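Asker: Dropping a prediction and its sequence here:
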Amino acid sequence: MSKKNWWKLSREVDRNLEDLIIWKLTEMGIISYSFNYDLDYKNVIQVNIWLPKSNWDNHKLDLFEKNFSEITYQSRFASNRFIYESIKEEDWLNGWKKYWKPEFIGKNFLVLPCWMNLTNEYNDKKVIRIDPGLAFGTGSHPSTALCIEMMEKFFLKDKKILDIGCGSGILSIAAKKLGAKNIYAIDNDYLAINSVNENFLINFSQIENLYVKEGSFPLIAANYYLADFDFIFCNITSNVIKEIIPHLSKCIKLNGIVLLSGILDSQKEEIIKLLNLYHFNLDNVLSKKDWICIEASRLK
């Protein structure tokens, strides 16, 4: 498989805009980004964004700059533009490491970069070792943390799990560490498919009872037998969640649980109405900053 070339876009922004930037990038379907907090100026961070050159021509980049400026127009960096750097995929994979640090999630989990060693003080934690590559899911995004916090309260031993939009595989790995038996992971990005397999090997030394498919969920659901799941996890954008809700009842057991994350608080009511329409009951909502995670169960 051929390697991609990438644009790396960097600029300084007000630290207070971090959540808004995450929301905007998520809305635009951009998942490869990081924040550098180690700057000399107080309340200033650097946002770094990676975009595949094959998908981003000059016209799209100009539109991206325009959309991004809508966030920063009132800040002291309003006149800034991104600094562009052309990089190869291998350079990004190595460069990621300097932006990412261990992340505690919920009561039990520690998400640890795979190149770092675990100190004795964290031996009581369930450790998820991740090499994210270019796949979404390091635990730092509120939507990922919310989903794992919600998962902790369930008895997952020997359960059958479907992870839609698996990204790096972080939710699938967490489910496995909580006792899940059969895990099906779906993503439409080949980078994510590679990543979830590699991260399972890092955490479990083998790939057992993990079934990974590349493609959109509706297409895979139409061509493969996906049924009788105890839990379905979906941590992607709300627009995609709205597209897959009509298909969920065909895949999950009666009274089975779906966890939907990647949703802004302002989008909550629309998602809940759609769940009710397709015979799901709202059981719980967790929130972090402006993000929410919805727990719902299939009624019939």
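Answerer: Structure's in. What do you need? Numbers count the residues shown, from 1 in each chain.

Asker: residue contacts, residue 142?
Answerer: When contacts are counted by C-beta atoms under 8 Å, 6 or more residues apart in numbering, residue 142 touches 19, 22, 288, 289, 290, 291. C-beta: built from backbone N, CA, C; applies to glycine.

Asker: for those residues, which one is nearest residue 186?
Answerer: When the contacts of residue 142 are compared for distance to residue 186 (C-beta to C-beta), residue 291 wins out at 21.8 Å.

Asker: what's across from the closest one in the sheet?
Answerer: residue 264, residue 288 (DSSP bridges).

Asker: quick one: contacts for it?
Answerer: 142, 143, 146, 261, 262, 263, 264, 265.

Asker: What's the PyMOL line that selects buried ones from those residues?
Answerer: Selecting only the buried entries of the contacts of residue 291 in PyMOL, with 16 or more other C-beta atoms under 10 Å as the criterion:
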select buried, resi 142+143+146+261+262+263+264
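
Asker: Please indicate which of the contacts of residue 142 are buried?
Answerer: The neighbour count (16+ other C-beta under 10 Å) marks 22, 288, 291 as buried among these.

Asker: Between those residues, which sits nearest residue 118?
Answerer: residue 288 (25.2 Å).

Asker: How far away from the center of its chain is stretch 111-119?
Answerer: Mean-position distance between stretch 111-119 and its chain equals 19 Å (C-alpha atoms, centre = their mean, to the nearest Å).

Asker: cool, and stretch 153-167?
Answerer: The answer for stretch 153-167 is 15 Å, by C-alpha atoms, centre = their mean.

Asker: list the buried ones in it?
Answerer: Residues of stretch 153-167 classed as buried: 154, 156, 159, 160, 161, 162, 163, 164, 165, 166, 167 (neighbour count, 16+ other C-beta under 10 Å).

Asker: got the end-to-end distance for it?
Answerer: Stretch 153-167 has an end-to-end distance of 23 Å (C-alpha to C-alpha, to the nearest Å).

Asker: ditto for stretch 225-232
Answerer: 15 Å.

Asker: related to what we said a few turns ago, and of the contacts of residue 142, the nearest to residue 69?
Answerer: Using C-beta to C-beta, those come closest to residue 69 at residue 22, 16.7 Å.

Asker: Which is the succeeding secondary structure element to the helix or strand of the chain with the lowest mean pLDDT?
Answerer: Ranked by mean pLDDT, DSSP states H and E, the helix or strand of the chain with the weakest confidence is helix 89-95, at a mean of 63. Later in the chain than helix 89-95, the nearest helix or strand by DSSP states H and E is strand 103-105.

Asker: Looking at strand pairing, list the partners for the nearest residue to residue 56 once chain neighbours are set aside.
Answerer: Leaving aside its chain neighbours, residue 56 sits nearest to residue 7 (6.1 Å; criterion: C-beta to C-beta, 6 or more residues apart in numbering). Bridge pairing for residue 7 (DSSP bridges) gives the partners residue 51, residue 86.

Asker: Relative to residue 53, how far out is residue 7?
Answerer: 6 Å (C-beta to C-beta, to the nearest Å).

Asker: Pull up the overlap in contacts between these two.
Answerer: Common contact partners of residue 7 and residue 53 (C-beta under 8 Å, 6+ apart): residue 86.

Asker: What ranges does the stretch 151-300 of the chain have for its strands?
Answerer: 160-164, 182-187, 210-214, 229-235, 252-264, 280-288, 291-298 (DSSP state E, counting those that start in this stretch).

Asker: residues of the last one that come out buried?
Answerer: What it means is strand 291-298. By 16+ other C-beta under 10 Å, the buried positions in strand 291-298 come out as 291, 292, 293, 294, 295, 296, 297, 298.

Asker: Give me the contact list for stretch 239-256.
Answerer: By C-beta under 8 Å, 6+ apart, stretch 239-256 touches 162, 164-165, 217-218, 221, 226-232, 234, 258, 260, 262-263, 270-271, 274-275, 278-280, 297-300.
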